[in-house]
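Asks: Pasted the sequence and its predicted model underneath.
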Amino acid sequence: MTPPMLRSTEPLEPRLALAGVLSFFDVDGDVVTIRSDRGTDRDLAAAASLTPAGLGVQLSRVNLSTPVFAGARVRITSEDSGAGDRQVHVGEIVANADLTAVEVDGDLGRFDIGDDDATDRSLGRLTVRSLGVFGTATGASGTLSRVRGGIGTLAVAGDVRGAFVTVAGHLRALAVGGDIDGTGDAGGVQAQSIGSATVGGSLLGGSQFSSGTLKVFGSIGTIRIGGGVLGGAGESSGTIMSLGRLRDVTIGGSLVGGTGLSSGRITAGVGGIERLTIGGIFGGSHDRTGQVESLDGIGSVRIATSLVGGSGLDSGSVLAARGIGNLWLGGDIVGGANVFSGSVAAGGRIGRLHVGSIVADLGLFSGSIKAGRLGTVSVRGSITGSATRQAVISALGPTGRAIESLSVGGSITNALVLAGYDGGTPASGDVQIGSVTVGQNLVATSIVAGVLGVTPGQFGRIGDSILGGSTRARIDSVTVGGSAVGSGNPAESFGVSAGTVGRVRIGGARYRFTPGIISSPAGDNFGIHDL
């Protein structure tokens, strides 16, 4: 059967001086036209692979590899003939030469464009309605698309679904109107670097490795995602990953971990993350899910809702190898069932941290903050642990002011505030805490600067000592609006403890204590211990 063909007689658009035109009816009867500013009608006819199907033919392949098409602008458009959907779905477009622009008025299953020089721009612009939605059903030989060099703009009006795009060079602009959807296959975009990326929908991870991902080996300038970043069952699914810097990232929805290892994750390498704005962060059931990690520093993080740990190790967490400038949460930090789930950790200084409440859960160091130094920590609500799992705020120092200030609007219950500690590990006595202010009550909690408990994890006992024998371990002031009490269990002990304890106010009155003697405001197992 000979595919139905039409000779185009319509006037050419002035913006595209055409050399070649090919028209035909597609599978549902639409009139499809291929236009190119390079090559002849005969060249286009030879480049197009047309397979009889439905009311016409399926355009399964356009091969622009002959030299005549080098640098070409190619448009594939569809017009309603009264029977079709005014879209043309193309299997694949291939060219072993660089092209200026390609436009498809429908779905494109796959493309492979560019010469062997990865340092130049292989394609100026690719514009399609969707990418990979029909898989190989329209004639594509696979789901992996490739640009052998750089590309100016990759514009997809709808979804990138099941198609994985690799760009050997720089991708100046990525614009996806719908989702990057890896739920059915390994959908995603990978490039050497990306100038800007805009996704109107979400990044959706699936069951395959790295499905639903945005990944670069260099850096990404700006990222705007209207929906969320959602991990799936596949390892590293639903992720944004850069081996370099992420400059400015805005996620309208939330980062949500999945069941796969490291799924639902945002990571950056050298250069770190300059700015991150996100709806919420929620850990999943596997390790390092629902996690933001920088192998360098983080400038600022703004979380509209909460940071919530899951059942996986480090799930629901924000980690920076160096410091974090500012971290603001509209909601809470909530621990999960595993180690460091629902936590914030930085190897350097956290300048300012503003959060609703901090709540520990079953996991060790869940609902915790750990840093080299802490600047201003403001908790609008309360800090709450349990008798079996305390909430922990720790700063290593290792010298000087480890914690500048801690302000809590509500109560602190079953918690440890530790200066000179790496998490729960004692490290330095040359540290200080500035001011600690608690609006309501201090219950079964210790606030410590540079002191080693004679019983690990407990303070306010005879035999406690200053780490390394330092003379600089100090707490400037502690103010408690309500009462300061222990747990009532004589086997436990709690205290405000340092080499020097400055001013202490409890219930509106200044509390007098004697250095070298443990003084208990309520006469129980909580004491002020100025060593």
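Replies: Done, it's in. Residues are numbered from 1 along each chain as shown.

Asks: For stretch 43-54, list every residue counted as buried.
Replies: Within stretch 43-54, the residues that qualify as buried are 43-45, 47-50, 53, counting by 16 or more other CB atoms under 10 Å. To be clear about C-beta, it is placed using only N, CA and C from the backbone, and glycine gets the same treatment.

Asks: again with stretch 380-400
Replies: For stretch 380-400, by 16+ other CB under 10 Å, it's 380-385, 389-398.

Asks: Would you map the helices across this protein?
Replies: Remark: helices assigned in the chain by DSSP state H are 41-47.

Asks: Break it into its domains for me.
Replies: Annotated domains of the chain cover 179-380, 389-531 [automatic domain parsing].

Asks: how long is the first one end to end?
Replies: With CA to CA, to the nearest Å applied, domain 179-380 spans 36 Å between its terminal residues.

Asks: go on, stretch 308-321?
Replies: End to end - CA to CA - stretch 308-321 spans 21 Å.

Asks: do the same with stretch 77-91
Replies: End-to-end for stretch 77-91, by CA to CA: 14 Å.

Asks: Then stretch 414-429?
Replies: End residues of stretch 414-429 are separated by 23 Å (CA to CA).

Asks: how far out from the middle of the chain is it?
Replies: Mean-position distance between stretch 414-429 and its chain equals 29 Å (CA atoms, centre = their mean, to the nearest Å).

Asks: Now do the buried residues in that stretch.
Replies: So, applying 16+ other CB under 10 Å, buried residues of stretch 414-429: 414-424, 426-429.

Asks: follow-up on the earlier one: so which of the buried residues of stretch 380-400 is the closest to residue 373?
Replies: residue 395 (5.4 Å; CB to CB).

Asks: Touching, the closest one and residue 422? I think so.
Replies: No: using CB atoms under 8 Å, residue 395 is not in contact with residue 422, being 9.1 Å away.

Asks: can you list residues touching both of these two?
Replies: residue 370 (CB atoms under 8 Å, 6 or more residues apart in numbering).

Asks: ok, back up a step: which one of the domains of the chain lies nearest to residue 118?
Replies: Closest to residue 118 of these, according to CB to CB: domain 179-380, at 8.3 Å.

Asks: on that earlier part again, could you dump the buried residues of stretch 43-54 to JSON lines with pLDDT and distance to residue 174?
Replies: Formatted as JSON lines, the buried residues of stretch 43-54 follow (pLDDT from 0 to 100; distance: CB to CB, whole Å):
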{"residue": "43", "pLDDT": "96", "distance to residue 174": "31"}
{"residue": "44", "pLDDT": "95", "distance to residue 174": "29"}
{"residue": "45", "pLDDT": "96", "distance to residue 174": "33"}
{"residue": "47", "pLDDT": "96", "distance to residue 174": "27"}
{"residue": "48", "pLDDT": "97", "distance to residue 174": "28"}
{"residue": "49", "pLDDT": "96", "distance to residue 174": "28"}
{"residue": "50", "pLDDT": "96", "distance to residue 174": "31"}
{"residue": "53", "pLDDT": "94", "distance to residue 174": "32"}
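
Asks: Just give me the closest of these to residue 33.
Replies: residue 44 (9.9 Å).

Asks: Contacts only, for that closest one.
Replies: When contacts are taken as CB under 8 Å, 6+ apart, residue 44 is in contact with 20-22, 34, 36.

Asks: tell me the centre residue of the chain?
Replies: By CA atoms, centre = their mean, the chain has its centre lying nearest to residue 266, at 2.7 Å.

Asks: Kindly provide the distance from it to residue 344.
Replies: 14 Å (CB to CB, to the nearest Å).

Asks: and the spatially closest residue to residue 397 that is not a sequence neighbour, what does it touch?
Replies: Closest residue in space to residue 397, ignoring its immediate chain neighbours: residue 431 at 3.9 Å, by CB to CB, 6 or more residues apart in numbering. Under the criterion of CB under 8 Å, 6+ apart, the neighbours of residue 431 are 395, 397-402, 419-420, 449-450, 472-473.

Asks: Adding pLDDT and distance to residue 349, write these out as TSV.
Replies: Below are these laid out as TSV (pLDDT from 0 to 100; distance: CB to CB, whole Å):
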residue	pLDDT	distance to residue 349
395	98	9
397	96	11
398	94	12
399	95	13
400	95	11
401	97	10
402	98	10
419	98	13
420	97	15
449	98	17
450	97	18
472	94	19
473	96	19
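
Asks: which two in those are spaced the farthest apart?
Replies: Taking CB to CB, no two of the contacts of residue 431 sit farther apart than 395 and 472, at 14.8 Å.

Asks: What about residue 164, how many residues nearby?
Replies: Per other CB atoms under 10 Å, the neighbour tally for residue 164 reads 27.

Asks: ranking the domains of the chain by burial, who's on top?
Replies: domain 179-380 (a mean of 24; mean count of other CB atoms under 10 Å).

Asks: So in terms of bridging, what pairs with residue 438?
Replies: Beta-bridge pairing of residue 438 under DSSP bridges involves residue 408, residue 480.

Asks: I figured it was touching residue 411, is that so?
Replies: Yes: the pair residue 438 and residue 411 passes the contact test of CB under 8 Å, sitting 6.7 Å apart.

Asks: which residues do those two both contact?
Replies: residue 482.

Asks: Scan the chain for its longest strand.
Replies: The single longest strand within the chain, with elements called by DSSP state E, is strand 99-113.

Asks: Contacts for stretch 133-148, please.
Replies: 49, 51, 58-61, 89-92, 107, 109-118, 122-123, 131-132, 158-159, 161-169, 171, 184-186.

Asks: Can you tell me which of those are buried?
Replies: 49, 58-61, 89-92, 107, 109-114, 122-123, 131-132, 158-159, 161-169, 171, 184-186.

Asks: Which member of the contacts of residue 44 is positioned nearest residue 338?
Replies: For those, the nearest to residue 338 is residue 34 (55.7 Å; CB to CB).

Asks: neighbours around that closest one, how many?
Replies: So residue 34, with other CB under 10 Å, has 25 neighbours.

Asks: distance of the residue lying closest to it once chain neighbours are set aside from residue 339?
Replies: Nearest residue to residue 34, sequence neighbours excluded (CB to CB, 6+ apart): residue 22, at 4.5 Å. Counting by CB to CB, the separation of residue 22 from residue 339 is 62 Å.

Asks: again, but for residue 499
Replies: From residue 499 to residue 339 the distance is 31 Å (CB to CB).
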